[in-house]
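Participant: A predicted structure for the sequence below; I have some questions about it.
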Amino acid sequence: MAYIAGIIVAGLFFLALHYFTELTHKQKILVSAAVLSIILSAIAFNSYSNAQSQKMLDVVNRFNQQNTIKCNDIDVNSTNFTLSIGTYTFIGKENTPNFGQMISASKCE
């Protein structure tokens, strides 16, 4: 839906250029295409960022539900690791083989 809004904004921008500037038709199309590409790039980046955040939150949710998570070929569970909420990092507990090891939740599956 956001892509459609981006196309509409670029179309309105083209119409504003058409009626209120003295640019040639080719220049108006180039400016409108540049604005459209910037808008669509921002939308794509936001979609990617939201997907990554959702993936990380799903991993944290599974950890909080006492499930074992695979991170870089290491089994992460609440027996061996604690979760740092501020950075969403798993930290190895004392007296475990993973003591002091830090694994970012974004690197997990």
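Facilitator: Right, received. Where do you want to start? The shown structure was predicted, so the numbers you read here are calculated from the model rather than taken from an experiment.
Participant: just the strands in this protein please.
Facilitator: 69-71, 74-76, 81-84, 89-92, 102-104 (DSSP state E).
Participant: Let me see the contact set for residue 92.
Facilitator: By CB atoms under 8 Å, 6 or more residues apart in numbering, residue 92 lies in contact with 80-81, 98-102. Where you see a C-beta, it was placed from the backbone N, CA and C, and this is true even at glycine.
Participant: what are the bridge partners for it, then?
Facilitator: Going by DSSP bridges, residue 92 is paired in beta bridges with residue 81.
Participant: follow-up on the earlier one: out of the contacts of residue 92, who's nearest residue 53?
Facilitator: Nearest to residue 53 among the contacts of residue 92: residue 102, at 19.6 Å, using CB to CB.
Participant: Save the strands of the chain as a markdown table, and put in mean pLDDT too.
Facilitator: Output for the strands of the chain, formatted as a markdown table (pLDDT from 0 to 100):
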| stretch | mean pLDDT |
| --- | --- |
| strand 69-71 | 90 |
| strand 74-76 | 90 |
| strand 81-84 | 92 |
| strand 89-92 | 92 |
| strand 102-104 | 91 |
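Participant: Any idea which of those strands gets closest to residue 49?
Facilitator: strand 102-104 (15.6 Å).
Participant: you'd agree residue 36 is up against residue 5?
Facilitator: No. Checked against CB atoms under 8 Å, the pair residue 36 and residue 5 is beyond contact range at 11.5 Å.
Participant: When these two are compared, which one has more neighbours?
Facilitator: residue 36 (17 against 11; other CB atoms under 10 Å).
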